[in-house]
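**Student:** next input, structure requested:
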Amino acid sequence: MIYPIYCEQAAFSGVFEPLNGITNFAFIIAGIVLFFRFNKQAISSLPAKILAALLITVGIGSLAWHTYRNDFTFWIDTIPIYLFVVYYLWVYLNQSVQKLPLRILFFLGFFIYTPVLIYLFQDLQSTKVFGNGSLEYIVALSYFVVLQMYNHAHQKKFVKPSLVVVFLFMVSLVFRQLDLISCDAMGFGTHFMWHIFNAIVLYSFVHIIYLRKTKEPEA
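**Tutor:** Numbering: from 1, shown residues only. Below you'll find the predicted structure:
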């Protein structure tokens with residue numbers, strides 16, 4: 001597949017995007033910090049360590065993609081992101097939904113909910129605001145909000161900190177959505193800000209489950 005020259009690449013012969021590339025170290029640093037904090041607090045949970053490792057691979061994959069775009073770097077950028085989302089969903093459900101059948105229902109429901117909504121709103125992907133992959137993230141975020149509605153109605157576990165992270169994710173998505181628009185206006189996009197904020201968001205998602213000191217009372 002031939003990938004088009006885009007924004008920062010134009011000034012570097014279509015190879016490297018300085019801002020978009022360097023800011024991927026935010027993911028790597030976030031993952032390393034998680035490992036240090038797990039070690040400091042004697043957290044030996046394997047799922048926690050897997051999430052931290054996946055966060056690091058997200059940064060490495062995205063760094064490769066923004067360094068040189070081809071079919072290989074596309075997949076090593078994409079796969080860690082999907083693995084993190086799916087694995088985090090299962091870990092989060094294990095921590096927040098007590099009944100196993102309902103936990104499985106929510107998990108499998110994600111794989112029905114997301115493609116259906118993406119299909120229904122697919123026309124938005126032809127616009128500059130949603131044409132850079134933002135729609136998939138918005139749909140996934142909306143499913144996480146649905147989970148918070150359930151949690152609020154039942155055990156109220158993780159609801160408040162999760163909604164704070166949802167807000168941060170919305171800010172992060174704004175930068176991603178403005179990327180193509182700012183690219184045309186300024187010659188460089190805001191995708192690099194998406195990297196920085198999204199690294200904070202993914203770190204916070206893990207923090208909610210494993211590192212938060214104050215726990216919300218269960219209903």
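
**Student:** hey, let's count contacts and neighbours off CA atoms from now on
**Tutor:** Will do.

**Student:** where along this protein do the strands fall?
**Tutor:** Remark: strands of the chain are absent; assignment by DSSP state E.

**Student:** go through it and flag its longest helix.
**Tutor:** If you go by DSSP state H, the chain has its longest helix at helix 71-96.

**Student:** quick check: buried residues in that one?
**Tutor:** Residues of helix 71-96 classed as buried: 73-74, 76-77, 80-81, 84, 87-90, 92-93, 96 (neighbour count, 16 or more other C-alpha atoms under 10 Å).

**Student:** can you report how many residues neighbour the nearest residue to residue 25 once chain neighbours are set aside?
**Tutor:** Of all residues not flanking residue 25 in the chain, residue 59 sits nearest, at 6.1 Å (C-alpha to C-alpha, 6 or more residues apart in numbering). Using other C-alpha atoms under 10 Å, residue 59 is surrounded by 27 other residues.

**Student:** and residue 59, what does it touch?
**Tutor:** By C-alpha atoms under 8 Å, 6 or more residues apart in numbering, the contact set of residue 59 is 24, 25, 26, 27, 28.

**Student:** what do you get for residue 21?
**Tutor:** The neighbours of residue 21, taking C-alpha under 8 Å, 6+ apart as the test, are 62, 63, 64, 66, 67, 192.

**Student:** if we go to 10 Å?
**Tutor:** Taking C-alpha atoms under 10 Å, 6 or more residues apart in numbering as the contact definition, residue 21 lies against 8, 59-60, 62-68, 191-192, 195.
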